[in-house]
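Undergrad: Test case, fold it:
(one chain, ligands or ions: 1)
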Amino acid sequence: MAVVEVEHLTKRYGDLTAVDDVSFSLEPGEVFALLGPNGAGKTTTVEILEGARPRTSGSVRVLGHDPARRPRELRERTGVVLQEAGFEEEFTVAELVELHGRMYPRRVATAAVVEQVGLTDKAHARVRTLSGGQRRRLDLALGLVGAPELLFLDEPTTGFDPGARRRAWDLVEGLRRDGTTVLLTTHYLDEAEHLADRVAVVVRGRLVALGTPAELGARRQDAVVTFRLPETVDLSALPALDGVLVPDGLDWHLTTARPTAALHTLTGWAAGRELEIPALTVRRPSLEDVYLGLVAGAGETGPDDPADDGRPTRRRGPRASGAGSATPGRGGRLASRRS
Ligand SMILES: Nc1ncnc2c1ncn2[C@@H]1O[C@H](COP(=O)(O)OP(=O)(O)OP(=O)(O)O)[C@@H](O)[C@H]1O
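TA: Presented below is the predicted three-dimensional model:
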């Protein structure tokens, strides 16, 4: 049985359709990444799955439950790592993890989860003294302390230094090995490529592509041949190459649908003149290239788009106040789980 099943999900905020007839499912143990530009509807979708927002229409099942009913069992079997969560600043890391863990029947030992996220040396530090990246790791610890079957990770490595990001990736890979299903949103395409079994690309609320990173890559047949001209050679001396050639500093990039033929022409020409072509590489499109092509193809014009209202990425309704969430004091998370 699918862990998450979403069929024809739609969410409207007044006139704005933030999620538009989206369908996908998550199989047990898979890491699934939701990608899309700012305002695409990723957070809205994830919050609907978490039970933190009502949907307008469509059907949603999470671990067999309708999250809109906010069943207790679902809350106990899922973990949530938000983009920004409020912490109770005077608690220590260990205290906060300990208190949070009490909400879950299947909890992981505090020391183990603190170790898992690399905060052991900060276990007894007050939350207010943590750096931005350390707070994100604490967030991760709170998502993991309940040994969730399904983990929601909303931009989990934003603000991480490169080492911390690698460790977070290792952690997610470890979770996958243990059978945890993970729904991830990220703006880092390398992160999605590295971690995700499958990727869904959402633009303006609509699902525009769904598949493994390799399947999405295979949508594009083109490749980029990069090279420099030998010192003694002028561009006009090159044979005609099939594709679009653009300069980039000393390099030339040839984007071509026929990389084998283009390479043959180029290397045949050079070999015939006993020339060495410096810095010659061939690169297939990365997930980032494919993603940017999909986003552009779907008419998204980036941050200057008048439809982009420039609002912060994570908005919460009245739940955001954290009122009434003094135990254990994580405003966003606990309040959203309880309301
Ligand atoms: N409570 C709300 N009321 C009105 N509009 C909202 C509300 N929450 C989100 N929106 C709008 O819905 C759209 C989708 O927002 P959402 O936060 O789901 O996007 P996102 O893909 O998560 O973006 P980001 O990558 O920036 O986090 C945006 O246009 C946003 O302004």
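
Undergrad: if I look at E89, how far off is L142?
TA: 14 Å (CB to CB, to the nearest Å). From N, CA and C alone the C-beta is placed, and that goes for glycine too.

Undergrad: More neighbours: those two, which one.
TA: L142 (27 against 12; other CB atoms under 10 Å).

Undergrad: any idea whether the more buried one is helix, strand or coil?
TA: When classified by DSSP: H, G, I helix; E, B strand; the rest coil, L142 comes out as helix.

Undergrad: right, and it touches V81 too?
TA: Yes - between L142 and V81 there is a contact under CB atoms under 8 Å: 7.5 Å.

Undergrad: If you count contacts, what does the longest helix along the chain end up packed against?
TA: Secondary structure of the chain read by DSSP state H shows that its longest helix is helix 162-177. Judged by 3 or more CB pairs under 8 Å, 6 or more residues apart in numbering; DSSP states H and E, the packing partners of helix 162-177 are helix 132-144, strand 181-185, helix 189-195.

Undergrad: The second one versus helix 162-177: what angle between them?
TA: Right, the one you point to is strand 181-185. 140 degrees (axes from the mean of the first three to the mean of the last three CA atoms, to 10 degrees).

Undergrad: quick one: contacts of the host helix or strand of E215?
TA: Assessed by DSSP states H and E, E215 sits inside helix 213-217. Residues outside helix 213-217 that contact it (CB atoms under 8 Å, 6 or more residues apart in numbering): 192-193, 196, 199, 201, 209, 284-287, 290-291.

Undergrad: tell me the mean pLDDT over the next helix-or-strand element following it?
TA: As assigned by DSSP H and E, the chain's next helix or strand after helix 213-217 is strand 223-228. For strand 223-228, mean pLDDT rounds to 92.

Undergrad: Would you mind pulling up the elements that strand 223-228 packs against?
TA: strand 251-256, helix 259-272, strand 281-283.

Undergrad: now for the helices and strands packed on helix 162-177, which one comes closest to the ligand?
TA: strand 181-185 (6.6 Å; CB to the nearest ligand atom).

Undergrad: Determine the set of other helices and strands touching the closest one.
TA: Using 3+ CB pairs under 8 Å, 6+ apart: strand 181-185 touches strand 31-35, helix 42-50, strand 150-154, helix 162-177, helix 189-195.

Undergrad: can you give me the angle that strand makes with strand 150-154?
TA: Using the same axes, to 10 degrees: strand 181-185 against strand 150-154 is 10 degrees.

Undergrad: Please produce CSV containing the helices and strands packed on helix 162-177, extended by distance to the ligand and mean pLDDT.
TA: Shown next, in CSV, are the helices and strands packed on helix 162-177 (distance: least, CB to the nearest ligand atom, whole Å; pLDDT from 0 to 100):
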stretch, distance to the ligand, mean pLDDT
helix 132-144, 15, 90
strand 181-185, 7, 96
helix 189-195, 13, 91
